[in-house]
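> let me see the structure of the following:
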Amino acid sequence: MRRILTARDVEPAIKGGAVFAAGGGGWADHGRMLGTAAVNAGQPELVSIDELPDDAWIATAAAIGAPAGTTAWQMLGADYVKAVQLLQDELGAPVAGLIIGQNGKSSTLNAWLPSALLGTKVIDAVGDLRAHPTGDMGSLGLANSPEPTIQTAVGGNRANNAYLELVVRGATGKVSPILRKAADMSGGFIASCRNPIRASYVREHAALGGISMALALGEAIMAAEPKGGAAVIDAICEASRGGIIGTGEVVEKAVAYTQEAFDIGTVTIGSGAGRRVLHVMNEYMAVSGPDGERLATYPDVITTLDDDGVPVSVGEIREGMRLHVLRVARDVIPLSASVTDPSVYPIVETALGMDISSYALGR
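Reported below is the predicted structural model:
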């Protein structure tokens, strides 16, 4: 499968990615900037992993930080390109293709501009179909590996003298917190290129087809938009094979930014039997019912939609809003080796004070 990505693909990527963003996943305007710049600068090419030889180098293009709009971040398209160049220089070999760590409003498009300018292919594979709070959760099972790898980070608020460039080599679990700290120091959001691996590893461990799924979902959304919000919500449910598990007004939003570049807390929607508590660590990681019963848990896709069917991120939520809670169950989406890696869950469970791994690992 080969597909030149064009201007017609930008909005579907953003809209489909926004559903899989699970309350996080970057910014629509940032994604629009990345996609528009890419298709005007060159011809980014989406290919399946089967188009590359087994020994080709593949890396992950990602953005690191908290996307809820509580910090003065700045990230330019050039930062994504520079991050790839720094990794290639350290690796001493060209990177043939880029995957993304997760889908999102902008993250679905993270690899487009490097593809247009450097010729790296956009690989139709993701470290996780949905957005998640830590780099380890999209690292294809490498989070607990003792083998040294390379991670780079580029970006930062220039006006605040917060622009940074980093090249770090070491075990993924040790290096990832360094990049997250760099994201905080840069203003809260930073571009990265990390974990170069062979194409054969991607083929065995990634969630294949994840970008095509976001594009198809976005196309379904756009086709339904002239029919109104209810039709859009129906189209999202049908295309994603998900369902609405709660609807109501936002009663309380209690989310705070931490120095580890996480937004952590809860969003409560509805009351009485319809009460839904969404547990946030940058993204929605779980949903509880009125008696504390678990209604959804990562790696389920959990997303809030307004009455027009537009995904509303954690940073955009305000008390009094009316929202619908979408759940797409884990058993209808492709899962990567990241999801079945038990080492990625303790940091999330400690931050949220709740069990995630039992569900994610199918215990």
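> just for the stretch 101-250 of the chain, where's the confidence low?
For the stretch 101-250 of the chain, no stretch is flagged by pLDDT under 70.
> all helices for it, in order.
With helices called from DSSP state H, counting those that start in this stretch, the stretch 101-250 of the chain shows them at 112-118, 172-186, 199-205, 210-224, 229-240.
> what residues sit buried inside the last one?
What it means is helix 229-240. Neighbour counts over helix 229-240 (16 or more other C-beta atoms under 10 Å) mark 229, 232, 233, 234, 235, 236, 237, 239, 240 as buried. Placement of C-beta: from N, CA and C, glycine included.
> how far off centre is that helix?
Offset of helix 229-240 from its chain centre (C-alpha atoms, centre = their mean, to the nearest Å): 21 Å.
> got the angle for it vs helix 210-224?
Angle of helix 229-240 versus helix 210-224, following axes from the mean of the first three to the mean of the last three C-alpha atoms, to 10 degrees, is 150 degrees.
> distance check, residue 358 against residue 264.
Going from residue 358 to residue 264 by C-beta to C-beta, to the nearest Å gives 20 Å.
> ugh, wrong one, residue 136
Distance of residue 136 to residue 264, given as C-beta to C-beta: 17 Å.
> who's more crowded, these two?
Of the pair residue 136 and residue 264, residue 136 is the one with more neighbours under other C-beta atoms under 10 Å, namely 26 against 21.
> report how many residues lie close to the residue lying closest to the more buried one once chain neighbours are set aside.
Nearest residue to residue 136 in three dimensions, chain neighbours excluded: residue 143, at 3.6 Å (C-beta to C-beta, 6 or more residues apart in numbering). Counted by other C-beta under 10 Å, the residues lying close to residue 143 total 24.
> still on that earlier bit, make a markdown table out of the helices of the stretch 101-250 of the chain and add distance to residue 284.
Converted to a markdown table, these look like this (distance: least, C-beta to C-beta, whole Å):
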| stretch | distance to residue 284 |
| --- | --- |
| helix 112-118 | 26 |
| helix 172-186 | 19 |
| helix 199-205 | 25 |
| helix 210-224 | 17 |
| helix 229-240 | 15 |
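> look up how far residue 126 lies from the closest residue to residue 259 other than its chain neighbours.
In space, and not counting its chain neighbours, residue 259 is closest to residue 184: 6.0 Å by C-beta to C-beta, 6+ apart. When distance is defined by C-beta to C-beta, residue 184 is 25 Å away from residue 126.
> between these two, which has more neighbouring residues?
A direct count of neighbours by other C-beta under 10 Å for residue 184 and residue 126 places residue 126 higher, at 29 against 22.
> OK, contacts around the more buried one?
Residue 126 makes contacts with 99, 100, 101, 102, 103, 138, 206, 207, 210, 211, 336, as judged by C-beta atoms under 8 Å, 6 or more residues apart in numbering.
> where does the stretch 251-363 of the chain dip in pLDDT?
Ranges of the stretch 251-363 of the chain meeting pLDDT under 70: 261.
> which residues in it form helices?
All helices of the stretch 251-363 of the chain, identified by DSSP H, counting those that start in this stretch, fall at 346-352, 357-360.
> host element of residue 35?
If you go by DSSP states H and E, residue 35 is part of helix 28-41.
> that helix: how far from the chain's middle?
In terms of C-alpha atoms, centre = their mean, the centre of helix 28-41 is found 17 Å from the chain centre.
> again, but for stretch 166-176
Centre-to-centre, stretch 166-176 and its host chain are 20 Å apart (C-alpha atoms, centre = their mean).
> check which residues of it are buried.
Residues of stretch 166-176 classed as buried by neighbour count (16+ other C-beta under 10 Å): 166, 168, 172, 173, 175, 176.
> how near is the closest residue to the first one other than its chain neighbours to residue 211?
To tie it back to what came earlier, the one meant is residue 166. The shortest distance from residue 166 to any non-neighbouring residue, by C-beta to C-beta, 6+ apart, is to residue 153 (4.5 Å). Plainly put, residue 153 is 23 Å away from residue 211 if you go by C-beta to C-beta.
> roughly how far apart are the nearest residue to residue 347 once chain neighbours are set aside and residue 62?
Once flanking residues are discounted, residue 347 sits nearest to residue 134: 6.2 Å by C-beta to C-beta, 6+ apart. Distance, residue 134 to residue 62, using C-beta to C-beta: 11 Å.
> just the strands in the stretch 1-150 of the chain please.
Secondary structure of the stretch 1-150 of the chain by DSSP state E, counting those that start in this stretch: the strands cover 2-4, 45-47, 57-65, 97-100, 121-126, 148-155.
> turn the ones you listed into a markdown table, including distance to residue 292.
Listed next are those as a markdown table, based on distance: least, C-beta to C-beta, whole Å:
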| stretch | distance to residue 292 |
| --- | --- |
| strand 2-4 | 45 |
| strand 45-47 | 43 |
| strand 57-65 | 31 |
| strand 97-100 | 34 |
| strand 121-126 | 32 |
| strand 148-155 | 38 |
